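Asks: Need a 3D model of the sequence below.
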Amino acid sequence: MAMTPAPASYEVVVLPGDGIGVEVMDAGVAVLRAVAEPLGLRFDLDFHRAGANAYKETGVAIADSVMTAAGNADAILFGAMGLPDVRRDDGTEIAPQIDLRERFGLVAGVRPATLLPGIDPVLYAPKVDFVTVRESTEGLFAGRNDPPSGDPDVEHDRMTITRSASETLFDVSFSLAAARRRAGGPGRVTLFDKANVLKSQAFLRRIFDEVAERHPGIETERVYVDAGVMMMVREPERFDVVVTENMFGDIVSDLAAGITGGLGLAPSADIGRDHAVFQPCHGSAPDIAGRDLANPVGMILSVAMMLDWLGERHSDGRCLDAARRVRAAVDATLAAGTRTRDVGGTAGTTSFTEAVVAAL
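Replies: Prediction:
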């Protein structure tokens, strides 16, 4: 990731999307504005439409002009996109998030899994504090735009692993482990793969081993994914940074979110060499849209991840301080007993957000 000086202001493209994406984005933006002003930070927010509703009205899920704006921005905030009744001609859902990953080489899907104050743990584990890193541009998703097989009785998808994407993926993973070690963590990277069966996965493991040699201070382990998910449930405290292929990561990262309380609490980032998208892990949840029921924690913590990324990329201590303040405000709000209904509380989206802003 290239280091650049801190700008006078940060330009952020905002894509609220569909369903509860709009509501949680309102929460994230409110918190961003509240934390920025006292620190002298300025964010120019550039709002655009994209997603299933945009596709329904225009026939395009994410316009070229939106892609251009996203490519020129310092960061991208993404709400949630897709609706179950809006699909492409081939039957697949509208997924501009995948288009963004592929367009900008957002190889590493980073999802922290941490127990938050006031949230009852799903497992009786002494500690849950790890990060999953999912390759987000190829793997078993690589053939999603391939033409149909032509055989009415057979369909297939392809798994593709490239050296370029894998090296970027592992560089991000080892950098995360090093940062966590500096903060007092173990500094360990675990690869989940299926190298005993699939040649593409054996290739992935070879690249992992090569990159690991460049990071002698970081402990590594290699675990078959089926055994790995069992370990994640039985002893989540053993993990620090878990890295894996796209489809495996799609599943494993949701399992990690479930362990820590649910998708409503889970933030994420899709990171490449020069661009990054920040979004909650949940979907658009149209069944609760417009009812002030959505949990905004995942979106608010995604804003904190964006602030961390900008702070590290531009050596901007104000952004790093803002990220710490946002996390502390969320922790304080949850510890005080303010929670949304999905995690046992009574607060609405709006009242929870107001409590976080007040805590700031």
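
Asks: where along the stretch 151-300 of the chain do the helices fall?
Replies: 163-182, 199-213, 225-234, 246-259, 297-314 (DSSP state H, counting those that start in this stretch).

Asks: which secondary structure element contains residue 16?
Replies: If you go by DSSP states H and E, residue 16 is part of strand 10-17.

Asks: Next secondary structure element downstream of that strand?
Replies: That would be, after strand 10-17 and using DSSP H and E, helix 20-36.

Asks: Quick one: mean pLDDT over that next one.
Replies: Helix 20-36 shows a mean pLDDT of 98.

Asks: tell me the angle of it relative to strand 10-17?
Replies: 160 degrees (axes from the mean of the first three to the mean of the last three C-alpha atoms, to 10 degrees).

Asks: Just want the angle from helix 20-36 to helix 297-314.
Replies: Using the same axes, to 10 degrees, helix 20-36 lies at 50 degrees relative to helix 297-314.

Asks: who does helix 20-36 touch, helix- and strand-wise?
Replies: Contacts defined by 3 or more C-beta pairs under 8 Å, 6 or more residues apart in numbering; DSSP states H and E place helix 20-36 against strand 10-17, strand 43-47, strand 75-80, helix 297-314, helix 317-335, helix 349-359. All C-beta spots, glycine's among them, are computed from the backbone N, C-alpha and C.

Asks: rerun that using 10 Å as the cut-off
Replies: Under the contact criterion of 3 or more C-beta pairs under 10 Å, 6 or more residues apart in numbering; DSSP states H and E, helix 20-36 touches strand 10-17, strand 43-47, helix 52-58, strand 75-80, strand 276-280, helix 297-314, helix 317-335, helix 349-359.

Asks: ok, the most centrally placed residue in the chain - contacts?
Replies: Per C-alpha atoms, centre = their mean, the C-alpha nearest to the average position across the chain is that of residue 268, at 2.0 Å. With contact taken as C-beta atoms under 10 Å, 6 or more residues apart in numbering, residue 268 is in contact with 78, 109-112, 132, 134, 136, 253, 257, 277-282, 298, 301-302, 305.

Asks: Just the buried subset of those, please.
Replies: Using 16 or more other C-beta atoms under 10 Å as the burial test, these include 78, 109-112, 132, 134, 136, 253, 257, 277-282, 298, 301-302, 305 as buried.

Asks: confidence score at the closest residue in space to the residue nearest to the centre of the chain that isn't next to it in sequence?
Replies: Residue nearest to residue 268 in three dimensions, not counting chain neighbours: residue 111, with 4.6 Å by C-beta to C-beta, 6 or more residues apart in numbering. At residue 111, the model reports a pLDDT of 96.

Asks: Same question for residue 111, what's its three-state structure.
Replies: strand (DSSP: H, G, I helix; E, B strand; the rest coil).

Asks: is it true that it touches residue 269?
Replies: Yes - using C-beta atoms under 10 Å, residue 111 makes contact with residue 269 at a distance of 8.0 Å.

Asks: which residues do these two both contact?
Replies: Joint contacts of residue 111 and residue 269 (C-beta under 10 Å, 6+ apart) are 133, 305.

Asks: what ranges of the stretch 51-200 of the chain fall below the confidence cut-off?
Replies: Across the stretch 51-200 of the chain, the ranges flagged by pLDDT under 70 are 90-91, 123-124.

Asks: Cross-check the contact I'm expecting between residue 330 and residue 323.
Replies: No - using C-beta under 10 Å, residue 330 makes no contact with residue 323, being 11.1 Å away.

Asks: hey, what's in contact with both of these two?
Replies: Contact with both residue 330 and residue 323 is made by residues 301, 304, according to C-beta under 10 Å, 6+ apart.

Asks: any idea what sits nearest residue 146, other than its immediate chain neighbours?
Replies: Here the residue nearest residue 146, using C-beta to C-beta, 6+ apart, is residue 158, at 6.9 Å.

Asks: Compute the number of surrounding residues for that neighbour.
Replies: With neighbours defined by other C-beta atoms under 10 Å, the count for residue 158 comes to 13.

Asks: again, but for residue 254
Replies: 17.

Asks: same question, residue 346
Replies: Neighbours of residue 346 using other C-beta under 10 Å come to 10.

Asks: With residue 214 instead?
Replies: For residue 214, using other C-beta under 10 Å, the count is 11.

Asks: The closest residue in space to residue 114 that isn't next to it in sequence and residue 344: what is the separation?
Replies: Using C-beta to C-beta, 6+ apart and skipping residues adjacent in sequence, the residue nearest residue 114 is residue 129, 5.1 Å away. Counting by C-beta to C-beta, to the nearest Å, the gap from residue 129 to residue 344 is 22 Å.
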